[in-house]
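Student: Below: sequence and its predicted model.
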Amino acid sequence: MSAFEKRRPRPKRRFFQPRNCRFCADRKIVINYKGVDVLRQFVHEDGKIRPRRQTGNCAKHQRAITKAIKRARHIALLPFVGEVLR
């Protein structure tokens, strides 16, 4: 056997569909710290902000969402941490 035949097979590449930013697609949706129902979609159960690769937002809108979530946390509209299970 040659060295070429002894190689391990490469795993198949995963191709992901490109996600479109919902805020770029629909200009009517406003990112505001008072819109808690919109902001909750971008926060995990434990209170962490979801990354861009999960939400599909563009960088501009992800920064705006992060800023709005942090403002909503400071005035107690959103919790800093989720519920702790004991």
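Tutor: Structure's in. What do you need? What you are looking at is a predicted structure, and each value in this text was computed from that prediction instead of being measured.
Student: can we go C-alpha only for contacts and neighbour counts from here?
Tutor: Fine.
Student: Looking only at the helix or strand hosting R73, what residues are buried by neighbour count?
Tutor: Using DSSP states H and E, R73 sits in helix 59-74. Neighbour-count burial for helix 59-74 flags H61, Q62, I65, T66, A68, I69, K70, R71, A72, R73 (criterion: 16 or more other C-alpha atoms under 10 Å).
Student: Leaving out the residues flanking it, which one is nearest to the third one?
Tutor: When you say that, I think you mean I65. I31 (6.5 Å; C-alpha to C-alpha, 6 or more residues apart in numbering).
Student: do the first one as well
Tutor: Distances taken as C-alpha to C-alpha, 6+ apart put F23 closest to H61, at 7.0 Å, once the chain neighbours are dropped.
Student: For the one you found, grab the count of nearby residues.
Tutor: 16 (other C-alpha atoms under 10 Å).
Student: what does the model give it for pLDDT?
Tutor: On pLDDT, F23 comes in at 94.
Student: Start at 57, not 1
Tutor: Understood, numbering begins at 57; the last thing we discussed is F79.
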